[in-house]
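Peer 1: Give me coordinates for this.
(one chain, ligands or ions: 1)
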Amino acid sequence: MKTIFIVNPSARNDHSISSWRRFQKNITIPHMLYITEHPDDVKGIVGELVRNHPHETLYIIGVGGDGTMNSIITGTAGFENIAIGYMPGGSGNDFARGFHWPANQNEAYNLIKETASSQEPISLDAGLFSIGEGPKRYFVNNIGVGFDALIAKKANASLLKKKLNRWSLGKLIYPILLCRETLSFTPFQMTIEADGATQTLDRVWFITISNQPYFGGGMKIAPEACPNDGELDLTIVSGLSKWKLLFLFISVFFGKHTELKEVHTLRGRSITIRSGEGVPVHADGDFTGVIDGDRELYIKVLPDSWKMLNRSRWQKC
Ligand SMILES: Nc1ncnc2c1ncn2[C@@H]1O[C@H](COP(=O)(O)OP(=O)(O)OP(=O)(O)O)[C@@H](O)[C@H]1O
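Peer 2: Numbering: from 1, shown residues only. Next up, the predicted model:
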């Protein structure tokens, strides 16, 4: 068994690396360390590790936020004998909430030490998606089309997020942008096909397809989503006023928005979303492209496709 930390230095607007440097002194287990410059670096690192240690289990610990964990799931896909762990170092850290990891690095490290030596990892689902003829890519938390993708895009480019992250308050950017962008956003018409059943909806604010319940720094957008049920949970928000949307985003912190008549939920294993209007898409909080008349979004669940340390904290859903 080998423990490998992969640190994304640019998480939390470049503050992740300084908190990691402070924390690193506490690590007593034998380990290897990689600091990556780009999400695609992970695949090369993992490929080389697997070649050099073909008969050992690799515990790959991602240090960063949700984008970092997307790079870890993507970079380890297709390799055997890998179990994944997490040390929070991003702004929103919804991976920690959804996959039951502590919100602080000390506790996460203790959990890694404890579970790595004593427990079998647990198998979990991920999602695969493509836009039009584009490449197939992975997500682990959720993927979204419409208003949530616009917020993700603006948040990642925001100077205010950068400032807030100096005081570890980066996740406040989401409610701030939400209030601002609600005023100018125009909802879209979208067609959703889930496991063969098709519906077209007008005035759609957003559709989120979730593997686990949380997005946007703690909003419980898909309260029933469970990353080991072999399905994805769709949350469709359409036909409501701007004011009601703001109310929805308050209730979503408590997972109560699904009681509103403008919120529809569905489950599916294979989903296609179409729109003629140039709608943005995010995967795990990073803007990934646009769907329009020529390009549809295709998504499918990959059941039991990766393994995670920390079985003991897993709550069956
Ligand atoms: N392994 C990696 N190495 C370098 N850069 C990465 C890696 N993984 C992702 N990135 C890039 O770094 C950016 C920030 O990473 P990440 O999303 O983890 O942090 P964050 O935005 O602060 O946190 P959160 O997504 O939890 O709000 C991502 O948007 C992505 O472009």
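Peer 1: Which residue is the nearest non-sequential neighbour of Ala116?
Peer 2: Leaving out its chain neighbours, the residue that sits closest to Ala116 by Cβ to Cβ, 6 or more residues apart in numbering is Tyr59, at 5.5 Å. (C-beta placed from N, C-alpha, C; glycine too.)
Peer 1: okay, now that neighbour: neighbour count?
Peer 2: 22 (other Cβ atoms under 10 Å).
Peer 1: chain center to the helix or strand containing it: distance?
Peer 2: Assigned by DSSP states H and E, Tyr59 falls within strand 58-64. How far strand 58-64 lies from its chain's middle: 15 Å, per Cα atoms, centre = their mean, to the nearest Å.
Peer 1: tell me which strands and helices the helix or strand just after that strand is in contact with?
Peer 2: Following strand 58-64 in sequence order, the next helix or strand is helix 66-76 (DSSP H and E). If contacts are counted by 3 or more Cβ pairs under 8 Å, 6 or more residues apart in numbering; DSSP states H and E, helix 66-76 sits against helix 41-52, strand 58-64, strand 82-88, helix 94-98, strand 137-139.
Peer 1: is the ligand contacted by stretch 62-80?
Peer 2: Yes - Stretch 62-80 lies within reach of the ligand by Cβ under 6 Å from any ligand atom, at Gly64, Gly65, Asp66, Gly67, Thr68, Ser71.
Peer 1: possible to save the helices and strands packed on helix 66-76 as CSV with mean pLDDT and distance to Leu33?
Peer 2: Putting these into CSV (pLDDT from 0 to 100; distance: least, Cβ to Cβ, whole Å) gives the following:
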stretch, mean pLDDT, distance to Leu33
helix 41-52, 96, 11
strand 58-64, 96, 9
strand 82-88, 95, 12
helix 94-98, 96, 20
strand 137-139, 98, 24
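Peer 1: out of these, nearest to Asn106?
Peer 2: Proximity to Asn106 (Cβ to Cβ) singles out strand 82-88 among those, at 9.3 Å.
Peer 1: which strands and helices sit next to that closest one?
Peer 2: Applying 3+ Cβ pairs under 8 Å, 6+ apart, one finds that strand 82-88 contacts strand 58-64, helix 66-76, helix 94-98, helix 105-118, strand 297-308.
Peer 1: mean pLDDT lowest for which of those?
Peer 2: The weakest mean pLDDT among those belongs to helix 105-118, with a mean of 86.
Peer 1: Name the residues of the helix or strand following that helix that are buried.
Peer 2: Along the chain past helix 105-118, the next helix or strand (assigned with DSSP H and E) turns out to be strand 122-131. Buried residues in strand 122-131, defined by neighbour count with 16 or more other Cβ atoms under 10 Å: Ile122, Leu124, Asp125, Ala126, Gly127, Leu128, Phe129, Ser130, Ile131.
Peer 1: Ok, stretch 174-183 next?
Peer 2: Residues of stretch 174-183 classed as buried: Tyr174, Pro175, Ile176, Leu177, Leu178, Thr182 (neighbour count, 16+ other Cβ under 10 Å).
Peer 1: Considering only the residues you listed, which also neighbour the ligand?
Peer 2: Near the ligand, judged by Cβ under 6 Å from any ligand atom, there are no entries from these.
Peer 1: Would you reformat those residues as a markdown table and include secondary structure, pLDDT and distance to Asp233?
Peer 2: Output for those, formatted as a markdown table (DSSP: H, G, I helix; E, B strand; the rest coil; pLDDT from 0 to 100; distance: Cβ to Cβ, whole Å):
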| residue | secondary structure | pLDDT | distance to Asp233 |
| --- | --- | --- | --- |
| Tyr174 | helix | 83 | 20 |
| Pro175 | helix | 84 | 23 |
| Ile176 | helix | 89 | 27 |
| Leu177 | helix | 89 | 24 |
| Leu178 | helix | 87 | 21 |
| Thr182 | helix | 92 | 24 |
